[in-house]
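Build me a model from this:
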Amino acid sequence: MIEISEILYRWNKGMRIKGIAKSLGYARNSVKSIIKQAEALGLRFGFIHDQFDQIVLKLQAARYLPKVSAQSQSKVSMLTAYDERIATWLNQKSMTLRQIHRLITESGLSIGETSLRRYVYAKFQSQLKLGKNYTVPLFTAPAEEAQVDYGYVGLMLDRATGNLRKTYAFVMTMAYSRYRYVEFSFKQDVKSWVECHINAFRFFGGVPKRILLDNLKAGVIKADIYDPTINKTYAEFEHFFNFVVDPAKVRTPEHKGKVERSVLIVKQQLIAGRQYEDLITANEKALDWCQNIIAKKITRTTGKTPAELFTEEQPLLTKLPEKSFDISKWVMAKCHRDHHIVFEGNFYSLPTSYINYEVAVRGGFRTVEIYYDNKLIKTHLKLEGRGQWQTDHDDYPEAVLRFLKKTPEKCLAEAKMVGEATAEVIKIILLRPSKQKLRKVQAIIRLQDKYSKERLENACLKSLMYENYCYATIRNMLVKNIEQLTVEESPMVHYSSDYSEAYVRPANQYTSSMEAHNGR
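Model prediction:
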């Protein structure tokens with residue numbers, strides 16, 4: 001513009017075209033062409049400066065309009081067949097003109113991006129979302145930092161259920177090289193979060209020294225700029241892989257601008273205008289994109305491709321551990337009156353002293369560990385499914401243990417240790433076993449602790465003679481010291497709860513009494 005105005009200024013001062021061309025280093029034909037165009041726009045000798053500036057601007061715009069070849073015009077005319085699709089794409093979130101150019105090129109039409117932009121700006125100007133953006137560049141050393149985030153990308157088919165599900169893109173970007181790892185997932189829970197990290201580390205072949213992350217619950221329980229509380233599972237993961245978790249300030253995405261930009265690029269290049277059969281297909285495309293497409297694009301801020309810079313960065317990464325990480329799940333649970341806590345729908349026992357207390361539960365791949373006051377108090381094997389019980393009987397009080405541990409077989413064995421009569425009484429009672437009868441035989445056997453084995457054996461012998469097997473009867477014989485008396489001497493005390501002996505007269509007597517009653 002300055003050169004055009006100088007040409008016209010000198011022309012207005014009366015200089016000849018040859019002199020203007022020589023003094024400014026222009027060809028005479030170029031000078032002549034500029035003057036003719038200016039005259040066509042209304043420029044005359046003796047012009048006013050305001051008019052002169054306006055004409056120079058018009059001349060600048062007219063002179064430097066891009067010249068479109070006949071071949072380019074033909075291709076641009078072919079874009080009309082894409083009008084409906086372009087209009088649909090422009091309404092999609094995260095769509096860019098560059099992505100539209102990719103989609104059209106992939107469909108088979110080879111056209112320059114500039115030509116496409118000119119066409120879209122001319123025909124779809126009302127749909128274009130033009131805004132202003134700015135960032136602040138932050139520089140890090142190789143292998144020093146990776147930035148990680150989730151981004152919602154829409155719905156994808158879950159082959160397991162046949163339903164469409166919300167889908168998220170996990171993105172980890174190496175801050176130095178901009179080398180990226182992308183994985184699509186249906187969940188944002190702790191397990192998915194850690195698994196995606198592990199897959200990213202394997203993809204990179206090592207671990208960065210620091211992970212800069214957003215304050216999502218899978219990583220950070222309590223967000224704080226100075227003292228954030230890290231999720232326990234993620235903290236274990238951090239120590240196992242030997243990196244440092246560095247949560248970003250809340251609601252300040254610019255602090256992790258590299259991954260924020262990467263999430264946007266994923267939406268623009270992997271999601272916008274595309275459809276995938278399922279999550280597996282989407283992840284195969286994402287892996288190829290990370291390795292062979294975006295990694296080989298020159299980054300404007302570095303002047304090199306991410307793949308080139310990553311060759312410098314990769315050897316400096318921390319080596320991967322040889323062992324596999326046991327992904328855990330931490331929850332708080334209450335020990336209920338039945339001595340059990342509930343974890344993932346299954347029940348695990350604790351000692352009586354922890355009833356009504358809140359405990360921390362760590363569920364690993366094979367075990368469930370229970371902590372109180374940061375101390376491990378119980379470890380159980382992890383149960384599969386739901387509604388299963390894992391009970392350690394030693395957690396129960398002594399009185400309960402006596403009942404649980406003394407099975408019918410054990411009771412009979414203990415009775416034999418007392419004597420044959422006692423064993424026979426226990427055997428008769430347990431002919432049709434039940435919990436009530438199990439309690440009864442345990443009580444009978446315990447009488448030896450107070451009255452001795454010999455006296456209990458004599459009492460059971462008397463019980464067999466009278467065919468009376470009530471606990472109260474046997475106990476009262478011992479209380480009143482009558483178990484050693486002869487049959488004639490002993491005033492048998494009968495406390496029966498066995499209703500099979502409730503009729504003390506023969507049945508025919510009851511029959512004759514009923515007939516006499518009905519005959520009245």
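
does Val148 count as helix, strand or coil?
strand (DSSP: H, G, I helix; E, B strand; the rest coil).

Can you name the residues bridging to it?
Taking DSSP bridges as the rule, Val148 bridges to Met172, Leu213.

Hmm, it is touching Phe170, no?
Yes: applying C-beta atoms under 8 Å, one finds Val148 in contact with Phe170, separated by 7.5 Å. The way it works is simple: take the backbone N, C-alpha and C, and place the C-beta from them, glycine included.

Now for those two: what residues contact both?
Shared contacts of Val148 and Phe170 (C-beta atoms under 8 Å, 6 or more residues apart in numbering): Ala200.

Neighbours of the residue nearest to Lys334 when sequence neighbours are not counted, how many?
Nearest residue to Lys334 in three dimensions, chain neighbours excluded: Glu358, at 5.6 Å (C-beta to C-beta, 6 or more residues apart in numbering). For Glu358, the count of nearby residues is 11 (other C-beta atoms under 10 Å).

For Glu358, list the residues it contacts.
Met332, Ala333, Lys334.

Check the gap between the last one and Glu39 for me.
If I follow you right, that is Lys334. Noted for Lys334: a distance of 92 Å to Glu39, by C-beta to C-beta, to the nearest Å.

cool, the second one as well?
For Ala333, the distance to Glu39 (C-beta to C-beta) stands at 90 Å.

next one: the first one
Relative to Glu39, Met332 is positioned 86 Å away (C-beta to C-beta).

and if you look at Gly385?
Distance from Gly385 to Glu39, by C-beta to C-beta: 90 Å.

more neighbours, the two?
Per other C-beta under 10 Å, whichever of Gly385 and Glu39 has more neighbours is Glu39, with 13 against 8.

neighbours of Asn199, just the number please.
Neighbour number of Asn199 under other C-beta under 10 Å is 16.

Now do the closest residue to Ala286 other than its chain neighbours: how many residues are near it, please.
Leaving out its chain neighbours, the residue that sits closest to Ala286 by C-beta to C-beta, 6+ apart is Val182, at 4.3 Å. Neighbours of Val182 under the rule other C-beta under 10 Å: 26.

Contact partners for Val182?
With contacts defined as C-beta under 8 Å, 6+ apart, Val182 is in contact with Ala169, Phe170, Val171, Ser262, Val266, Leu270, Ala286, Leu287, Trp289, Cys290.

Ok, Arg10 next?
Arg10 neighbours (C-beta under 8 Å, 6+ apart): Gly19, Ile20, Ser23, Leu24.

Can you say which of the residues you listed are buried?
Buried subset of those (neighbour count, 16 or more other C-beta atoms under 10 Å): Ile20.

Restricted to strands, list the contacts of Arg10.
Within these, no residue falls in strands by DSSP state E.

Turn the contacts of Arg10 into a markdown table, columns for pLDDT and distance to Lys319.
A markdown table is the format used below for the contacts of Arg10 (pLDDT from 0 to 100; distance: C-beta to C-beta, whole Å):
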| residue | pLDDT | distance to Lys319 |
| --- | --- | --- |
| Gly19 | 82 | 74 |
| Ile20 | 82 | 71 |
| Ser23 | 75 | 69 |
| Leu24 | 74 | 65 |
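
out of the contacts of Arg10, who's nearest Tyr469?
Nearest to Tyr469 out of those is Leu24 (C-beta to C-beta; 130.0 Å).

ok, now how distant is that closest one from Glu3?
On the measure of C-beta to C-beta, Leu24 and Glu3 end up 7 Å apart.

How about Met95?
40 Å.

which one of those two has more residues nearby?
Taking other C-beta under 10 Å, Met95 and Glu3 do not tie; Met95 has more neighbours (20 against 11).

So the more buried one sits against Ile271, correct?
No: taking contacts as C-beta under 8 Å, Met95 lies outside contact range of Ile271: 9.4 Å.

does Gln92 count as helix, strand or coil?
Assignment for Gln92 (three-state DSSP): coil.

mind putting the contacts of Glu358 in TSV, neighbour count included?
Below are those laid out as TSV (neighbours: other C-beta atoms under 10 Å):
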residue	neighbour count
Met332	9
Ala333	17
Lys334	12
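
So which of the residues you listed sit within strands?
Per DSSP E, strands hold the following members of the contacts of Glu358: Met332, Ala333, Lys334.

Looking at the residues you listed, which is nearest Gly206?
Nearest to Gly206 among the ones in strands among the contacts of Glu358, with distances taken as C-beta to C-beta, is Met332, at 35.0 Å.

Secondary structure class of the residue nearest to Glu113 when sequence neighbours are not counted, three-state.
With sequence-adjacent residues excluded and distances taken as C-beta to C-beta, 6+ apart, Glu113 is closest to His101, at 4.7 Å. Three-state call for His101 (three-state DSSP): helix.

which residues of the stretch 1-150 of the chain score low on pLDDT?
For the stretch 1-150 of the chain, the stretches flagged by pLDDT under 70 are 1-2, 45-53, 60-76, 94, 125-138.

All the helices of it, residue numbers only.
Taking DSSP state H, counting those that start in this stretch to define them, one finds helices in the stretch 1-150 of the chain at 2-12, 17-24, 28-40, 49-63, 70-78, 83-90, 97-106, 113-123.

Make TSV from these and add distance to Thr281 to it.
Shown next, in TSV, are those (distance: least, C-beta to C-beta, whole Å):
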stretch	distance to Thr281
helix 2-12	56
helix 17-24	62
helix 28-40	57
helix 49-63	48
helix 70-78	30
helix 83-90	21
helix 97-106	16
helix 113-123	27
